[in-house]
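Trainee: Return a 3D structure for these sequence lines:
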Amino acid sequence: MLTEAHSDSSPNYPALKVTPKSGNEPFERNGQLLDATLLDFWRWSVSDLVSNATRGILAEFIVAKALNVANGVRTEWDAYDLKTPSGIKVEVKSAAYLQTWAHQKLSAIQFGIGPTKGWDAETNLYSPLTVRQADVYVFCLLFHQDKTTVNPLNIDQWAFYVLPTKVLNERCPTQKMISLNSLLRLNPVKADFEELAAVVEQVKKPLQ
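Mentor: So this is what the prediction gives:
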């Protein structure tokens, strides 16, 4: 059962059907093209791949590529991040030792695992239940620790840990955050990029 997310939501304004852009789309004013394109905006807004917000979306894209579901356009704020061709719902979480800003020590690794009220982007409705919405979690750790060579586009600098949501629900039912050491004590499956699709399918099997 879903409930309305906002009191002023109206079926007269359905969800936009967003299509992938090329980057060549121009800005306009008064019918004239400006000297700026969508690619310029992308360069300006998301070139810092180490920043927490952008790194999280990048990790989601990397996992989507591994699962062969990177077609189309990402849906922001949906109940879960990805769905495999077989229907498995996947939540992607990321963390890193390095930050863009100056810091004295490496960051402590923490991943968000809190239950949520799932939101449906198509209907603008929330579920009344606070639960973990996905079937499987993929924890992505950018483990590189040298600021002179860190490159989030290099998959060799990432580690991937896959855990069925059932384990989180049993061992950490209401927990909102989990450290790397605590996560490892739950015995997630560590997978290479090329193995992610098979591992996600594998860890979901006990839930069926």
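Trainee: Quick one: distance of stretch 29-41 to the chain centre.
Mentor: Chain-centre distance of stretch 29-41: 30 Å, with C-alpha atoms, centre = their mean, to the nearest Å.
Trainee: which parts of that stretch are buried?
Mentor: Thr37 (16 or more other C-beta atoms under 10 Å). Using the backbone N, CA and C atoms, a C-beta is placed for each residue, glycine as well.
Trainee: residues making contact with that stretch?
Mentor: Lys21, Ser22, Gly23, Asn24, Glu25, Pro26, Phe27, Glu28 (C-beta atoms under 8 Å, 6 or more residues apart in numbering).
Trainee: Now which of those would you call buried?
Mentor: For the contacts of stretch 29-41, buried by 16+ other C-beta under 10 Å: none.
Trainee: Filter those residues down to the ones in strands?
Mentor: Pro26, Phe27, Glu28 (DSSP state E).
Trainee: The first one: what's its closest spatial neighbour, skipping adjacent residues?
Mentor: I take that to be Pro26. Leu33 (4.5 Å; C-beta to C-beta, 6 or more residues apart in numbering).
Trainee: Bridged to that neighbour, which residues?
Mentor: Judged by DSSP bridges, the bridge partners of Leu33 are Glu28.
Trainee: And the strands in the chain, which stretches?
Mentor: 3-4, 26-29, 32-37, 82-83, 89-96, 110-112, 116-120, 125-131, 136-142, 158-164, 177-179, 189-191.
Trainee: out of those strands, deepest packed?
Mentor: strand 136-142 (a mean of 25; mean count of other C-beta atoms under 10 Å).
Trainee: Neighbours of Arg185, how many?
Mentor: Using other C-beta atoms under 10 Å, Arg185 has 11 neighbouring residues.
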